[in-house]
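In: here is a sequence with its predicted model. Questions after.
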Amino acid sequence: MYEYTRKSKLGLGSILLIILFILTIIGLAVLFFINKGKFWDILPITCIVIIILSLIFAIFNMARRAEGGFIFILFFIIFLAGLVISSIFGPFALSRNAQKALDSGDYSTAIDNYNEIIESYSSGRYYDDSLKGITSAFQKTDDYENTIRYINLSIEQGILDENTLEVKNILGESYAKIAQKAYDEKNYEKSAVNFVLAINIFKEITAEFPNSDEAFILSYKVPEYLFKAAGSHIDTGNYIQSIDLLNELIEQYPENELVTKAKKLIFESYMKEISDFIEDGKYKEALDEYLLAQNIALKNNTDISTNIYDENIYSKIPSDVLSEYAISLALDKNYVDAIHIFDYIFQNYPDNSEKITRYYSLCKIETIKSSDFIAIPEIIYRFNIRDEINFQLTISNNSDSVINIYFSGNTGGIYKINPKTKADIVFPADSYKIAVEYDGNNEVKHYGEFVFEAGKRYTQIFNPIAQETD
């Protein structure tokens, strides 16, 4: 009896499959060099399919004792090795190791693994989860710059939705943490920028998620951030931004304990800006800002020592500039503020008195005219004098107080008459507005308008205040 031992040839199907396997190997090799992310994604699936097919065809061809059947065993071994490699190396292994490290608190290792996936396998299926994972790892290590970096990258690529409460809250808190650290380190430029970025995001949370716990907590945090951002802006010379933030705090959080400090800080912001203007020789701008600061302080009921600030500012400005500025206020009918500067000039620059007297009188008269005044009685004509231009007015002060008399007409003048004395005043004939006030008594004031003729003498008597008010 003879045993048949002749081997059969590989079938057409087996040959085509071998060719397909070879082409698959070539394709995977090419993909490895042009797109590693896709390579590692496809490798395990491809290996599993080819392992199964190789095993089936290996058994089939060995049963038929076909020539070349061992080739399928070779492919089986090759792709089995590929499957093993894909589980040990590449993004799958990196992702698994990163997640394990993240869970165990080894954030440095997690970051290294996630970062390798992001940099080397950006087109792979583990990329999205790696961005989320590395963001979480950086957040847990207080590396808020990188937290923000990877959140923004995830938003740009559509992996995270920037409109969700969770994403907004992480971003806002990250900016706030960066700002606070910079603030503590006196890096005020960085702290100001990041506080404002945090505030803007927190505003969005409050507006879009008003009933959330985060919105409630932020109602306490935001005023503090506004105050610190404003202080940081002051230290970097950005006074306008500082004032805007402080006004926002005052308007939106009127019950917050920082409001009183914010009002004072607004005034300090102006003062520092004014000092910068003076150093640069911008005196008018400095005076404009000081006037504005005083009015805002008055509006905000801010307790400030005006005399100290007056001295710090006015003393650094040339007297002629100060005088011209006060005169311009008087001509613009800003009488109260003009008087404030005129008083300083009279006290500290007596040489400028003649220049400003007329305008000071005008301001005093107009302010008294607009108050609750007592009309000056009709001035009595006594007799003629030999003067074709001027008139003479004799004023007797029978009161117990010094009286200050202000004239405004063809010229202007100021007269101070002591108690129980009288004074002769000579002015060119004209119509005059006259106002009177008593030292030590701001309630009793007089005002009147009179026409004085040349060559005539007039008299007026001011009695004790009690008689004047009867």
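Out: Looks like it arrived, so ask away. Numbering: from 1, shown residues only.
In: where do the strands sit along the chain?
Out: For the chain, the strands defined by DSSP state E occupy 374-375, 380-384, 390-397, 403-408, 412-417, 421-428, 430-438, 441-452, 456-462.
In: please convert those strands to CSV, extending it with distance to residue 163 and mean neighbour count.
Out: Heads up, the C-betas are built off the backbone N, CA and C, glycines and all. Formatted as CSV, the strands of the chain follow (distance: least, Cβ to Cβ, whole Å; neighbours: other Cβ atoms under 10 Å):
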stretch, distance to residue 163, mean neighbour count
strand 374-375, 69, 12
strand 380-384, 84, 11
strand 390-397, 78, 19
strand 403-408, 66, 23
strand 412-417, 68, 16
strand 421-428, 77, 14
strand 430-438, 65, 21
strand 441-452, 61, 16
strand 456-462, 76, 18
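In: same list (these) but as JSON lines, adding distance to residue 209 and mean pLDDT.
Out: Below are the strands of the chain laid out as JSON lines (distance: least, Cβ to Cβ, whole Å; pLDDT from 0 to 100):
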{"stretch": "strand 374-375", "distance to residue 209": "63", "mean pLDDT": "92"}
{"stretch": "strand 380-384", "distance to residue 209": "80", "mean pLDDT": "91"}
{"stretch": "strand 390-397", "distance to residue 209": "73", "mean pLDDT": "94"}
{"stretch": "strand 403-408", "distance to residue 209": "63", "mean pLDDT": "94"}
{"stretch": "strand 412-417", "distance to residue 209": "65", "mean pLDDT": "91"}
{"stretch": "strand 421-428", "distance to residue 209": "74", "mean pLDDT": "92"}
{"stretch": "strand 430-438", "distance to residue 209": "61", "mean pLDDT": "94"}
{"stretch": "strand 441-452", "distance to residue 209": "55", "mean pLDDT": "90"}
{"stretch": "strand 456-462", "distance to residue 209": "71", "mean pLDDT": "93"}
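In: among the ones you listed, which comes closest to residue 253?
Out: With Cβ to Cβ as the measure, strand 441-452 is the member of those nearest residue 253 (37.5 Å).
In: quick check: neighbours of the closest one in the sheet, parallel or antiparallel?
Out: Its sheet considered, strand 441-452 pairs with strand 374-375 (parallel), strand 430-438 (antiparallel) by DSSP bridges.
In: which stretch among the ones you listed comes nearest residue 118?
Out: strand 430-438 (79.5 Å).
In: show me what stretch 242-250 is in contact with.
Out: Identification of contacts with stretch 242-250 by Cβ atoms under 8 Å, 6 or more residues apart in numbering yields 196, 223, 226-227, 229-231, 233-234, 256, 258-259, 262-263, 265-266, 269-270, 300.
In: want to throw the strands of the chain into JSON lines with distance to residue 364?
Out: Shown next, in JSON lines, are those (distance: least, Cβ to Cβ, whole Å):
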{"stretch": "strand 374-375", "distance to residue 364": "16"}
{"stretch": "strand 380-384", "distance to residue 364": "24"}
{"stretch": "strand 390-397", "distance to residue 364": "16"}
{"stretch": "strand 403-408", "distance to residue 364": "4"}
{"stretch": "strand 412-417", "distance to residue 364": "8"}
{"stretch": "strand 421-428", "distance to residue 364": "16"}
{"stretch": "strand 430-438", "distance to residue 364": "6"}
{"stretch": "strand 441-452", "distance to residue 364": "10"}
{"stretch": "strand 456-462", "distance to residue 364": "16"}
